[in-house]
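Q: okay, sequence plus prediction incoming.
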2 protein chains.
Amino acid sequence: MKKILATLIVLSLALGAFAQELRNFSRQAIVSPQVEGDSVSFRLSADYATIVNLYGSWLPNYSERIPMKKDNGVWTAKIALPSPEIYTYNFFVDGVAVNDPANVFVQRDGSRYLNMLIVDGERTANYKEANEHGTVQTIWYDSALLGMKRRMCVYTPYGYENNPKKKYPVLYLLHGGGGDEEAWPSMGRAAQILDNLIEKGQAVPMIVVMPNGNPGQSAAQTLGIAQSTVNYRDPANANAYVKSLVTEIVPFIEKNFRAIPKSSSRAISGLSMGGGHTTAATTLYPGVFDYICPLSCGIRESDHLDADLQGIKKAGYKLYWIGCGSGDTLAYKNTQVLDEALTRNGMPHTTFISEGGHTWANWRLYLNTFGPLLFK
Amino acid sequence: MKKILATLIVLSLALGAFAQELRNFSRQAIVSPQVEGDSVSFRLSADYATIVNLYGSWLPNYSERIPMKKDNGVWTAKIALPSPEIYTYNFFVDGVAVNDPANVFVQRDGSRYLNMLIVDGERTANYKEANEHGTVQTIWYDSALLGMKRRMCVYTPYGYENNPKKKYPVLYLLHGGGGDEEAWPSMGRAAQILDNLIEKGQAVPMIVVMPNGNPGQSAAQTLGIAQSTVNYRDPANANAYVKSLVTEIVPFIEKNFRAIPKSSSRAISGLSMGGGHTTAATTLYPGVFDYICPLSCGIRESDHLDADLQGIKKAGYKLYWIGCGSGDTLAYKNTQVLDEALTRNGMPHTTFISEGGHTWANWRLYLNTFGPLLFK
């Protein structure tokens, strides 16, 4: 049976009562979104607006809009409940993107702020809070290579503080273009996924390091730090970041956290641009990471591709796991290139093809799928 | 000379180039806000809107609106640059609150999301990133008293990781009604203020603990945790939280962090509701905190007020520091009550009256002002 619970609504009502700042105590009378059975209604009070539309990430194209209807000053769209997932949505009021003021759950996607709709089910079970929680730190390291202090997010599993002699393996988890060190902890639900996998005994307790992959940026959302003029889309600069990742971030983590400093206890994964960082790091530094999981990226054909892969093969590895959506027009072709090149070079690997495209729905699913395969 | 730098604009342009998620690579052509000399312009593209207004926290009343004018589909308001501070603002498009899509800097204020405008100057110097940064953790503790796992934010100063034998004093820093554990780290700029004060040698390195003061809430912005039905505005429940703070959170911190477990190394401060928690905690548990700093709160006259204060006097304390805005209609009167009661009971204290009201502008100023007085 499809288990669909109106969690968000319950939370919205609960939070409506207290998640308000001082001058904001007046309650929103509007309930939005509201899940009822197999439908969900979105509502916005906008008496003076001429046209109000809805966009949601369950729609196949970002240009699609669901028209909303006005009744007594409140615009409503009632749609069939999409399948279980965490979606994002926003309204368009007379052409302007507007967040849902009745819904406190918002995610920053690069420079855009979008409301969240969670539809509960088996697919989303590990995206919600587990019973026991790891700790997430925002910690700074000094990059001599990139010439600045830079911030990363580090997840330590439940029990880390209470087991001062235990050492842990480490997953380096990289974001995509336009993202930053906050992408995996927020949109990627990385802490929740690991908390749940570990609590269920499906994944081994591990540290997860989520650095900032833009070599020109100290950190997301800072005030008053001079930003570098480095063009991080230049492949040469991508390698500067990869160099910093392997020769600065890995040693920093192994000095400041109780990490096991061995290739068999290091995994690397990343989506899109971060998938490029993953293949670059493992090619430039074979033998550092035994678990290699590029997502929604693949690799380009090149003269040196086979030699690169032979370098990894020679150094040895334990898992090469590739994820991509069948509808990912950006990455599906290069994923096939990587899959075929690994086969051609006699390198065992897993290629996991899911539905859909270049989306956080897929990246959450991939972490939840390969997480249990690490360090075993 | 008034030093006014258009920091936000520089950052907006820099971030415009990279702080965008994958399908969001197209640049906003609009620049907003734009500081030029002594003015700042706000702009919104909204060709189909009928009326667009601006609200900003430099205005004395939340009901005030600055009308915007349309030219070629873009609405603009150009105003005199307000004095240095971090302000929040948003647009109203045909009556609906709208964030500025050209400005990636957004703060959550309870359930509302507001854009930030920073006007640089002496007043805001410590609100921006210092050269060296402490670490901020989100960590969970198990509250037997409140019957759930609960999250807090903990700041450890720069150098904490590299000085494994050094122990630190601790400031417990409490939010107000409608806030949560993320209020001080975001709107309060607590990490930046402490980083700057410590780097300049004005404050001693300290740990700052920012718990969630709503006894019915596990944590802000969680998905899938059952929320308690406790009414946290009931004073009896406020004491349940205060009890958890002193008998659960303080021991948790002193077990899991390198904290000095002495009253002379414990400070407590909070704003508004958190000021009430501060006076309640020091009254119910005299001798636990030697540094006591209630902000924008004061105290009510009562039969037992003098006896309560005598309890604190008898146990001993090193600093009693009260902050309030002269225009704070919620708290100014009770601040006078507290000031007079301390005088009447022969208890040395400092009462710091600033301009303005019940605002984060004041709470940041207070932390920046009493921070250097702690643990000396």
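A: Happy to help now that I have it. Residues are numbered from 1 along each chain as shown, chains lettered A, B, ... in the order given.

Q: in the stretch 51-200 of chain A, which residue sits closest to chain B?
A: Chain B sits closest to residue A:128 of the stretch 51-200 of chain A, with a gap of 2.8 Å, by CB to the nearest CB. (C-beta placed from N, C-alpha, C; glycine too.)

Q: would you check that that residue makes contact with residue A:364?
A: No: checked against CB atoms under 8 Å, the pair residue A:128 and residue A:364 is beyond contact range at 11.6 Å.

Q: OK, contacts around residue A:221?
A: By CB atoms under 8 Å, 6 or more residues apart in numbering or on different chains, the contact list for residue A:221 reads A:182, B:104-105.

Q: spatially nearest residue to the residue of the stretch 51-200 of chain A closest to chain B (excluding sequence neighbours)?
A: Spatial nearest neighbour of residue A:128, chain neighbours left out: residue B:224 (2.8 Å); criterion: CB to CB, 6 or more residues apart in numbering or on different chains.

Q: that neighbour touches residue A:133, doesn't it?
A: No: using CB under 8 Å, residue B:224 is not in contact with residue A:133, being 11.9 Å away.

Q: the two: who's more crowded?
A: For residue B:224 versus residue A:133, neighbours defined as other CB atoms under 10 Å in any protein chain shown are more numerous around residue A:133 (26 against 19).

Q: next one, pLDDT for that one please.
A: Predicted confidence (pLDDT) for residue A:133: 97.

Q: quick check, residue A:175 in contact with residue A:220.
A: No: at 9.9 Å, residue A:175 does not count as touching residue A:220 under the criterion of CB under 8 Å.

Q: who has more neighbours out of those two?
A: Shown here are residue A:175 and residue A:220; by other CB under 10 Å, residue A:175 has more neighbours (28 against 22).

Q: following element in sequence after the helix or strand of chain A with the lowest mean pLDDT, please.
A: Using mean pLDDT, DSSP states H and E, the weakest-scoring helix or strand in chain A turns out to be helix A:7-18, at a mean of 32. Helices and strands here follow DSSP states H and E; after helix A:7-18, the next one along the chain is strand A:34-36.

Q: is that following strand positioned near chain B?
A: No: Strand A:34-36 is not in contact with chain B by CB under 8 Å from any CB of the partner chain; minimum separation 13.7 Å.

Q: count of residues packed around the closest residue to residue A:196 other than its chain neighbours?
A: Leaving aside its chain neighbours, residue A:196 sits nearest to residue A:126 (3.8 Å; criterion: CB to CB, 6+ apart). Around residue A:126 there are 22 other residues, counting by other CB under 10 Å.

Q: one more: residue A:178?
A: Residue A:178: 22 neighbours (other CB under 10 Å).

Q: low pLDDT regions in the stretch 151-300 of chain A?
A: Applying pLDDT under 70 to the stretch 151-300 of chain A flags the ranges A:225-230, A:232-233, A:235.

Q: tell me where the stretch 51-200 of chain A has helices.
A: Counting by DSSP state H, counting those that start in this stretch, one finds helices in the stretch 51-200 of chain A at the ranges A:183-186, A:190-199.

Q: which positions in the stretch 201-350 of chain A make contact with chain B?
A: Of all the residues in the stretch 201-350 of chain A, those lying near chain B are A:214, A:216-218, A:220-225, A:227, A:232, A:256, A:272, A:330, going by CB under 8 Å from any CB.

Q: name the nearest of those residues relative to residue A:191.
A: Here the nearest of these to residue A:191, counting by CB to CB, is residue A:220; it sits at 16.6 Å.

Q: so who does that closest one touch?
A: When the contact criterion is CB under 8 Å, 6+ apart, the partners of residue A:220 are A:151, A:180-182, A:212, B:19.

Q: of those, grab the buried ones for PyMOL.
A: Only the buried entries of these go into this PyMOL selection, using 16 or more other CB atoms under 10 Å in any protein chain shown:
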select buried, (chain A and resi 151+180+181+182+212) or (chain B and resi 19)
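
Q: would you list the contacts of residue A:220 in a markdown table and tack on distance to residue B:339?
A: Below are those laid out as a markdown table (distance: CB to CB, whole Å):
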| residue | distance to residue B:339 |
| --- | --- |
| A:151 | 41 |
| A:180 | 46 |
| A:181 | 45 |
| A:182 | 42 |
| A:212 | 47 |
| B:19 | 46 |
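
Q: find the pair from the contacts of residue A:220 with maximum spatial separation.
A: The span of the contacts of residue A:220, defined through CB to CB, is set by A:151 and B:19 at 13.8 Å.

Q: okay, helices next: where are they in the stretch 251-376 of chain A?
A: Under DSSP H, counting those that start in this stretch, the stretch 251-376 of chain A gives helices at A:273-284, A:305-315, A:332-344, A:360-370.

Q: tabulate the ones you listed (TSV), appending distance to residue A:240 and mean neighbour count.
A: Listed next are the helices of the stretch 251-376 of chain A as TSV, based on distance: least, CB to CB, whole Å; neighbours: other CB atoms under 10 Å in any protein chain shown:
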stretch	distance to residue A:240	mean neighbour count
helix A:273-284	11	24
helix A:305-315	19	16
helix A:332-344	22	17
helix A:360-370	24	23
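
Q: please tabulate the ones you listed in JSON lines, including the columns distance to residue A:55.
A: JSON lines is the format used below for the helices of the stretch 251-376 of chain A (distance: least, CB to CB, whole Å):
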{"stretch": "helix A:273-284", "distance to residue A:55": "25"}
{"stretch": "helix A:305-315", "distance to residue A:55": "39"}
{"stretch": "helix A:332-344", "distance to residue A:55": "24"}
{"stretch": "helix A:360-370", "distance to residue A:55": "16"}
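
Q: gap between residue A:195 and residue A:201?
A: 12 Å (CB to CB, to the nearest Å).

Q: show me which of the two is the more surrounded one.
A: Neighbours of residue A:195 and residue A:201, each counted by other CB under 10 Å, are more numerous for residue A:195; the result is 24 against 8.

Q: wait, that one touches residue A:127, no?
A: No: using CB under 8 Å, residue A:195 makes no contact with residue A:127, being 10.4 Å away.

Q: tell me which residue lies farthest from the centre of chain A.
A: In chain A, the residue that sits farthest from the middle, by CA atoms, centre = their mean, is residue A:72; the gap is 39.7 Å.

Q: wait, what's in contact with it?
A: Residues near residue A:72 by CB under 8 Å, 6+ apart: none.

Q: for the one 4 residues further on, same thing?
A: Shown in contact with residue A:76 (CB under 8 Å, 6+ apart): A:41-43, A:68-69.

Q: how about the nearest residue to residue A:65, chain neighbours excluded?
A: Of all residues not flanking residue A:65 in the chain, residue A:53 sits nearest, at 3.9 Å (CB to CB, 6+ apart).

Q: and for the one you found, the neighbour number?
A: Number of residues near residue A:53 (other CB under 10 Å) recorded here: 17.

Q: next one: residue A:247
A: Other residues lying near residue A:247 total 15 when counted by other CB under 10 Å.

Q: where do the strands sit along the stretch 151-300 of chain A?
A: Taking DSSP state E, counting those that start in this stretch as the criterion, the stretch 151-300 of chain A carries its strands at A:170-174, A:207-211, A:266-271, A:291-295.

Q: including mean neighbour count, could those strands go into TSV?
A: Output for the strands of the stretch 151-300 of chain A, formatted as TSV (neighbours: other CB atoms under 10 Å in any protein chain shown):
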stretch	mean neighbour count
strand A:170-174	28
strand A:207-211	27
strand A:266-271	28
strand A:291-295	27
